[in-house]
Every structure is written in C-alpha cells, then in structure tokens.
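> pasting a predicted model and its sequence here:
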Amino acid sequence: MQFTIEVGRYNSEGRYADTAKPGEPFPAPWNASPVRRYQTFTVDLPEHAVVLDALIAIREYQDPSLAVRCACRSAICGSCAMWINGHANLACKSKLAAFTKDGKTRVESPPSMPIIRDLVCDMKPFWDKHLAVRPWLENKQPVPPPDQEYRVPNSSMEELIQEVSCISCGACVMDCESFAVNPDFLGPQALAQAYRYVGDPRDDKTKERLAELSKPGGIWDCTHCFECVQQCPKGVAPLDQILKLRKMAVDAGFTHNAGTRHADAFAESVKHSGRLNELTLMPKSTGLFNIVGQLKTLPSAINMARAGKLPPLIHKAIPGVARIRKIFERVGGRFK
Amino acid sequence: MIADHDVIVLGAGLAGMRAALEAARLGADVAIVTKVHPIRSHSSAAQGGINAAIGETDSWESHAFDTIKGSDYLADQDAVEVMCREAPQDILEFEHMGVIFYRNDDGRLGTRAFGGASQARTYFVGDITGQALLVTLYDQILKAGVKVYEEWFATKLYMDGGACRGAVALEMVTGELHLLRAKAVVVASGGLGRLYEPSTNALICTGDGYSLAYRAGAPLMDMAMVQYHPTTLAGSGFLMTEAARGEGAYLLNSLGERFMKTYAPNKMELAARDVTSRAEATEIAQGRGIDGNVLLDLRHLGPDVILKKLPQIHEMALDYLGIDMIKEPVPVRPGMHYQMGGIRTDVEGATAIAGLYAAGEVACVSVHGGNRLGANSLLDTIIFGRRSGRASAGYAKGTLPSQGGEELLRSEQQRLEGLLARPYTGETCAGLRLELATMMDEKVGLYRSDAGLHEALEALRGFRKRYENVAVGDKSRVFNQALTFVLELEYLLDCGETIIRDALVRKESRGAHTHVDYPERNDREWLKHTILTFRRDGEEPEISHVPVTITRWQPEVRTY
C-alpha cells in the first residue's frame, strides 16, 4: 500500500549527501537548510504498518540522511516520540492508515522542544524536570536487613505499576499546554514520577516531597488540559497522578498557595450559589491580603473589561442551590 | 576533547549502570559512555522476571543445577555457583532501591514459574521487570551523580602497553570525536540481535562491544551459542514473554494439541528454551504449523491474570497483530533472542586484557553455557555488573593515570573521514545488513549443517568485500546516523564471523547449537569452550579450547 509522508527536515549545517547519482537507489540529495522544511516521501508498506516503519524505510532506502531516534520498535524504549499530524505520539505505535489525513501523514520534531536535527529533538528540558523531583527512593527507616524485603501489601506495589510503566518518551511534555507557556512547570512526566515515590509506602520523604511539589512550578501549575492523558502511549495518565498529589498535599496541610486558594474559591462559590463567581475567583486565588499580587492582576482585568469580558457584577444563586449545598455535605471533606 | 576518568563503562543498560554505580560507591571517578540515553537501553525489553532462590523450600544449589542443566552442561559451574549464591542478596538490594516487585498476601516477594526451573523462583513486576529494574537503577545513577556521556558512540578501545586505557567515542550531537582515557574500561554494551533477521532485539543491538574488545585482543568464547526464543510474535518478531507460559499458557499446533507432551512430557511448555524452540520448529516442519507459526493460547488464564500480570504483551499483540489474547490464541514462532557467548571473563568480569572488563550479554563468564534459562539474563547483568564495577574500581586504584592517545584520536579521525569520503557505488548499508542478517537466520540459526556453515562463511567473506563499497549517505557532522550505521555493520560482520567459525568447529549438538550432521551431544570430545582470538584483518581468528569447569554436577542426559 502506498503512503505519503511529509517529514519536517532540519539541519543546522546544510551538508547532506552529495555523492548519490540520479537513478540509483538513493534519490538526488535533498538540499538542507538551517530552517525547518517539509519533504515528501512515498513508501510502499503493508496496510497495518506504523509511522516508524515508514521512517525506517525512508532512512534505509531513500534518504540515509534522515535522522530519527528509534530502538525497540515496540513501544518499550521510548525513543521515537515525535509530532505526528500535530500531536505527540510514538512513531512505532501509530498506524499509518489511522494517521493518514488528506492523503498524507505529517511528522516533525515537536515545536515545544529545541531541535537538533530532522526528527531528533533535544530532550534536556525533559530530563532536567525528571531529575528535579528527586526521583529515587528515600528509604523509610529502618531499612530491612540485606536478606529481607520491605513488607508491604501487593496492592501498594500494583498501584505504582501505572507510573513505573512510564517509558520517558516525553510525549506528555511535548504536548503539555502549561509547559508550552511556562518553562518552569515541572510537567506531567516528572509529576507522575513524583507521585511514584510519594505513593510508595517505602519512601520516607512524603511530607518534604509534597511541600516541594506545592511550590510554584509544581502540582498547581497544571491546567487540566488532558493532553498528557491523551498522548501517553503507556496509560500513565499523568494528570490523574497530579490530582492525587494535590489531594495528598492539601490533606497534609500544604494549603498556603495560589493553587489551593483557587480550588477553595472555586468550591466555595459553587457551594454558595451553585455556580462560579468569576469576579471573586481571581482575587481569592491571589490571596485577599496580597496587595502586590492583586495589583499585578489589574492590567488583565482592565483588558478584559475593554474586551467586554468582565463577568456580571451581580452574582445570583441558581434556583435550588440548597440541593447543591447538600451535595457538599454528602461528599464531606473540606467544604461540608 | 580528551577527558580522564578512573573507570569508563561502555553501555548504560542494567550491567553497565550497575557496574558504574558500584565503582562510584567505591570512590572511583566513573563515567558511562552510551550511544543512546540510558533509559533507551534494551534491558528495558526484558519482560518476565529475574531468578533467585529466596523461598524457604528453594536453595541456591537447586537454582544452580537448573541453570547448568539448562546450559546443556557448557556453563562453568564455579561461575554459576557465584551467580546463584549472590542472587537473593542482589535482588533484595534492588527491592531496597525501590523496585516494585510483586508480593504475596503476606507482603513478601512473590514468584512466578519459568522455563527449565524446578521451582517457581522468578521475581517480577507485571511483564515489565526489565524496565522496572532499569528505571530504578537509572534513578540511582542520578542520585549518585554519575557522569553520563549520552549519545556518544564508541569507535575504538585505547590500548597502551598491552592494557586497555580508554576509548575513542563520537559525540553524536556535535559530530566531534573524543578520547576518553581511563585506568579501566568495562564493556557492557549488550547483544547483537541485528545480526539476525528477524530478532526480538532492538535496532541498537549491533554487537559493538564484542567487536571492540575482540579487535583489542580480548578473546571471545562460545559465540556459536545463539538463543532462539520460543515465542516471538508472528510477523514483527517482537518478544512474547516466557512469563505467559509461566502463568500457564499453552502452546498449540494446528490440530489444537499441546504438542510439548511429545518433547517434554514433564515440564511441557516450561521446558528450556532450546528444547521448546526446536519442538516448535519440528511441528511446523512436519506440517502442523499455521502459516509458519504455532499458537500461544492464554485464553484459559482469564482477563484478570492477562491484564494484571501480562498487560504489555496483551497490548503488543493487539497493536501489531490486532489479536486480543483474552479471546484468541496468538501466532508465535522461534526467533533469535540472545547471545550466550561473548567476551570471555572470569567471575570478576576481568578479560584477558589488563584493565578491560566486561559484563552482561556481551560477556561470557560463562553462566549460560549452551542455553540460557529465562529470567537468568537480568540476574547475570546485576551480579556481574556489580562484580565488574568492583573489580575495575579496585584495579583503577592501583594503576597510574592513562596518558597519551592523541595519535589514536587522530587516526580514528582519519578513519571516519575516510568512511565519509567513500564514493557512492550503489551498495547500501541497510541492504547489506539485511542480506547478512537473513543469511545468518537461514544458515546459522536454529539448525546448522556443515554445508550451510561453509556457505555462510563464504557469504560472509563476500559481505566483507562489499562492505568496502558501502558509502555513508550523509556528510553532516550533527547526528550523522548514516555514519554510525556503517560502523555498526562492521561490528556485526565481526560478530557473524566468530559465530560461524565457532559453529564450524563444534562437531556436536549442544544447547542452542543444533548441528544436523552431528545430532548428539558429545561430552567425550566437546565438554569444552571455544576461544576465538583476533589476529589481524583478513585472517582467520585463532581458535583454541578450554575445558568446562565442573564443580559438583556431572553431565547427565537432559530431559524435561
């Protein structure tokens, strides 16, 4: 079956093969330039072939100068995450047929990462975040003697398989909306790994980890766009882990931050009137006595007013709000 | 650039990182050189588990006996003893590092059954055991602050005064060649699966370490022993873990029979891998296969066991064949999986070359002999990774810093420039690699014959000639994979040649080496290892033999 692939090419040097002869197995070399360009290839592959099959076929028999990271071909090593039709995916797990749109599949290095060459991006921002959450066990004392294991229930280990299944491919970070605008955000992969250790009964630093994660750049900087859940090829669902961390952090008393205030303001508004009071949400999230913080939000508020986007000044409760309050009572917790 | 370290480790899989961690703990200035990020290493693909005799009813002697019997008595029994005695302690150390091993109801580590084992002694994390160990070890490397030269491709070992004193490596991202000097070098670069098509191995398993060490003068041992795994996915050849059969899956032929009753009536599907693979091949050859495959049937295990304990292979069969193993059996066949042979080392990981150590699949201690048992390879990596880390750090302590080497760096630079300058002739690296690998699978695979092996040797000579005409289809410096593929192809040619040479001399059938002209095991003449030593380019390797070390288990007839 014929597939058409449009590949984002980039080479800072512009030095590609110059020895191939026309008519030989290699096509005439494509002249690279230090700007990203798209080059179209046609490959003949079985109908169930994946994007990586196409890239390997191109690299092996059409243009050996195509740079692409890959190793296991079976979604285990995490090498081949890239943008496929504008979203991060593993090339080895993406069926060409399913990803053919308007007769072609477009692959490129994710724009959210620095590019090195063709489909090879610089993963340093990703690994830096991974390291930042101190992703190793801080052993609960006493450590068992060398001939014994920690005795913990299997369910507590099984629960962590989801996070340990992370292959560090970076797909979640590549498509993270928050990371795209805030390079200080730890990002979905690192936070999922943070949960992997917070959730481990053998770890001794749960409180310290939660305190650290509650700071700016941590768990409260996620905007729930669900891209990480959708793009993760291994079902790690980083957002779910972030939400678990938030609950644990609040339960552990780490509430003096904009994130908790925002969540509280949200919940209080809904409990009070059955819907969100957008007018008070921002000031409450910032902290009512945080004068500097309040002043900083002023330009946004003015811009919103100019654009006619200010919420109504009078906030009315919905009919039957008493029943909403009952829901809060039933659920219990912080807002009952 | 020239950098100096006490110890450099080539490879960042389980063996390499374990060696580096141990050397770092002992105070050595250690650096890892790896052509891919550590997390991409192929150790992550090990699915089923890791063996140790921890349970009260188990003993290291029983584990050792199973391993030796599995090896078809070619393993060195002193080395097997070391591995099996130290297994419990090392696995528990990984548990303390944070590996989320499966537990029993009492919260203690639980096991599953595996092939060739007389007890259930395989410890595991779902079907991602290798990955679970690898990520935990990587995080320990981060914690210890070990230097990693990431995406650096080793092109040559630096030899000075008969000792190994470092390596030359290509930094992929810049295209610059560097000399990394060291007092000791540990080769832990993994296997050579790309020499066979198909193979369960990743595209990065190109035999780099075998060739680097061999050309530096370190002998290779028992290279003929290439394992075919009984259950690789039809078509793609991806691994379907032995844990499937460990959990109770059946192998069926086209008549729906559990055919293993004919070949291994006691152990059935859990016979050793060489036995099971040959049984499948026999069924297929006698017309009881299904399009060249047999069936792996897991349906009776139920969705709970499949989804909880074997989720990864469930997904792989679904992704790559569209088969839901909860509802349908999966077509599988024997496929090349593992190299038992390798760089000859002692139990400390030391090779015949001063300052050169090896561990993991690339090494041959030999604990696997003619056939490795499932779940013994992860064990091999962590035991002998640790030991070679300790030994190399100890050696480095008593050694003066490595010096010189500028000339080697220059000559390597020239060699690579020569490769880049080769004119294009129409010979492609990928085409030649595929021909080589297809030939190896056909003639040096599950079954070998005198005639086939001679043809293989002849073919290999031809490939070597044609290799001289392979041009590098990319002239860039930055991330030039076309260049590293050409270098890898030469590594593969060295591996292929030593495998064929060893297979040619071993006139018997033992373990993975099934010789149709000599179908019986011959202990009188062949209870010995083959040692292959590099002479010079274009010449045959020097071949010699050393006896197998027997401590307490005399060779017996091997039945399962």
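Right, received. Where do you want to start?
> format the CA atom coordinates belonging to the helix or strand in which residue B:209 is found as CSV.
Per DSSP states H and E: residue B:209 is located in helix B:208-215. Coordinates of each C-alpha in helix B:208-215 appear next as CSV, following Å, rounded to 0.1, in the frame of the first residue of the first chain:
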residue,chain,number,x,y,z
ASP,B,208,29.6,-3.1,19.3
GLY,B,209,31.3,-4.4,22.4
TYR,B,210,32.1,-7.9,21.0
SER,B,211,33.9,-6.3,18.1
LEU,B,212,35.7,-3.5,20.0
ALA,B,213,37.1,-6.0,22.6
TYR,B,214,37.9,-8.7,20.1
ARG,B,215,39.9,-6.2,17.9
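> ok, now how distant is whatever residue of the stretch 401-550 of chain B ends up closest to chain A from residue B:50?
Nearest to chain A, among the residues of the stretch 401-550 of chain B, is residue B:473, at 3.0 Å (Cβ to the nearest Cβ). Glycine gets a C-beta too; all of them are placed from N, C-alpha and C. Noted for residue B:473: a distance of 41 Å to residue B:50, by Cβ to Cβ, to the nearest Å.
> give me the nearest residue to the residue in the stretch 51-200 of chain A that chain B sits nearest to, chain neighbours excluded.
Per Cβ to the nearest Cβ, residue A:64 is where the stretch 51-200 of chain A lies closest to chain B, at 3.0 Å. Nearest non-adjacent residue to residue A:64, counting by Cβ to Cβ, 6 or more residues apart in numbering or on different chains: residue B:473, 3.0 Å away.
> the one you found: how many residues sit nearby?
Residue B:473 is flanked by 29 other residues according to other Cβ atoms under 10 Å in any protein chain shown.
> which SS class is residue B:75?
The local conformation at residue B:75, judged by DSSP: H, G, I helix; E, B strand; the rest coil, is coil.
> I'd say it and residue B:65 touch.
No. Counting by Cβ atoms under 8 Å, residue B:75 stays clear of residue B:65, with 10.8 Å between them.
> those two: who's more crowded?
Neighbour count, other Cβ under 10 Å: between residue B:75 and residue B:65, residue B:75 has more, with 34 against 17.
> low-confidence stretches in chain A?
For chain A, the stretches with pLDDT under 70 are A:14-35, A:336.
> and the strands in it?
Along chain A, the segments classed as strands by DSSP state E run A:2-9, A:37-44, A:81-84, A:87-90, A:105-108, A:115-117, A:120-121.
> one more: the stretch 251-400 of chain B?
For the stretch 251-400 of chain B, the strands defined by DSSP state E, counting those that start in this stretch cover B:294-297, B:330-339, B:342-344, B:356-358, B:363-364.
> show me how chain A divides into domains.
A:2-121, A:124-251, A:275-335 (automatic domain parsing).
> what sits closest to whichever residue of the stretch 201-336 of chain A sits closest to chain B if chain neighbours are left out?
Residue nearest to chain B within the stretch 201-336 of chain A: residue A:202 (6.9 Å; Cβ to the nearest Cβ). The shortest distance from residue A:202 to any non-neighbouring residue, by Cβ to Cβ, 6+ apart, is to residue A:150 (4.7 Å).
> any low-confidence regions in the stretch 1-150 of chain B?
For the stretch 1-150 of chain B, no stretch has pLDDT under 70.
> what's the spacing between stretch A:169-187 and its chain's center?
What separates the centre of stretch A:169-187 from the centre of its chain is 5 Å, taken as Cα atoms, centre = their mean, to the nearest Å.
> pretty sure the residue of the stretch 51-200 of chain A closest to chain B is touching residue B:475, no?
No. Using Cβ under 8 Å as the test, residue A:64 is too far from residue B:475 to be in contact (10.5 Å).
> which of these two has more neighbours?
Neighbour count, other Cβ under 10 Å: between residue A:64 and residue B:475, residue A:64 has more, with 28 against 19.
> returning to that earlier point: reformat the domains of chain A as JSON lines; add distance to residue B:265.
As requested, these are arranged in JSON lines below (distance: least, Cβ to Cβ, whole Å):
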{"stretch": "domain A:2-121", "distance to residue B:265": "34"}
{"stretch": "domain A:124-251", "distance to residue B:265": "34"}
{"stretch": "domain A:275-335", "distance to residue B:265": "61"}
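> flag every buried residue along the helix or strand containing residue B:524.
Applying DSSP H and E as the criterion places residue B:524 in helix B:523-526. Judged by neighbour count (16 or more other Cβ atoms under 10 Å in any protein chain shown), helix B:523-526 contains these buried residues: B:523, B:526.
> continuing past it, what's the next helix or strand?
The first helix or strand that comes after helix B:523-526 along the chain, using DSSP H and E, is strand B:528-533.
> and the contacts of that next one?
Identification of contacts with strand B:528-533 by Cβ atoms under 8 Å, 6 or more residues apart in numbering or on different chains yields B:74, B:214, B:217, B:219-224, B:344, B:366, B:498, B:501-502, B:505-506, B:541-548.
> now the buried members of those residues.
Buried members of those, scored by 16+ other Cβ under 10 Å, are B:74, B:214, B:217, B:219-224, B:344, B:366, B:498, B:501-502, B:506, B:541, B:548.
> looking at the residues you listed, which are in helices?
If you go by DSSP state H, the buried ones among the contacts of strand B:528-533 have B:214, B:498, B:501-502 in helices.
> of those, closest to residue B:164?
Taking Cβ to Cβ as the measure, residue B:164 lies nearest residue B:214 of these, at 12.6 Å.
> grab the nearest non-local neighbour of that closest one.
In this structure, residue B:214 finds its nearest non-sequential neighbour in residue B:534, 4.9 Å apart by Cβ to Cβ, 6+ apart.
> check that neighbour and give its pLDDT.
What the model reports for residue B:534 is a pLDDT of 98.
> pretty sure it contacts residue B:212?
No. When contacts are counted by Cβ under 8 Å, residue B:534 is not listed as touching residue B:212 (10.8 Å).
> higher neighbour count, those two?
residue B:212 (26 against 21).
> residue B:10 is in contact with that one, correct?
Yes. Counting by Cβ under 8 Å, residue B:212 does reach residue B:10; the two are 7.4 Å apart.
> if you look at the contacts of strand B:528-533, which of them are in strands?
The strands, defined by DSSP E, take in B:220-221, B:344, B:542-547 from the contacts of strand B:528-533.
> spell out the secondary structure type for the closest residue in space to residue B:29 that isn't next to it in sequence.
Once flanking residues are discounted, residue B:29 sits nearest to residue B:6: 4.5 Å by Cβ to Cβ, 6+ apart. Following three-state DSSP, we place residue B:6 in the strand state.
> residues near residue B:6, how many?
Applying other Cβ under 10 Å, we find 23 residues neighbouring residue B:6.
> check contacts around it.
Counted by Cβ under 8 Å, 6+ apart, residue B:6 has contacts B:23, B:28-30, B:182-184, B:393, B:396-397.
> how about residue A:125, nearest residue that isn't a chain neighbour?
Closest to residue A:125 by Cβ to Cβ, 6+ apart is residue A:113, at 6.6 Å.
> give the contact list for the one you found.
Contacts of residue A:113 by Cβ under 8 Å, 6+ apart are A:121-123, A:125-126, A:170, A:173-174.
> residue A:63 against residue B:481, yeah?
No. Counting by Cβ under 8 Å, residue A:63 stays clear of residue B:481, with 11.5 Å between them.
> quick revisit: now do the helix holding residue B:209 against strand B:528-533, angle only.
70 degrees (axes from the mean of the first three to the mean of the last three Cα atoms, to 10 degrees).
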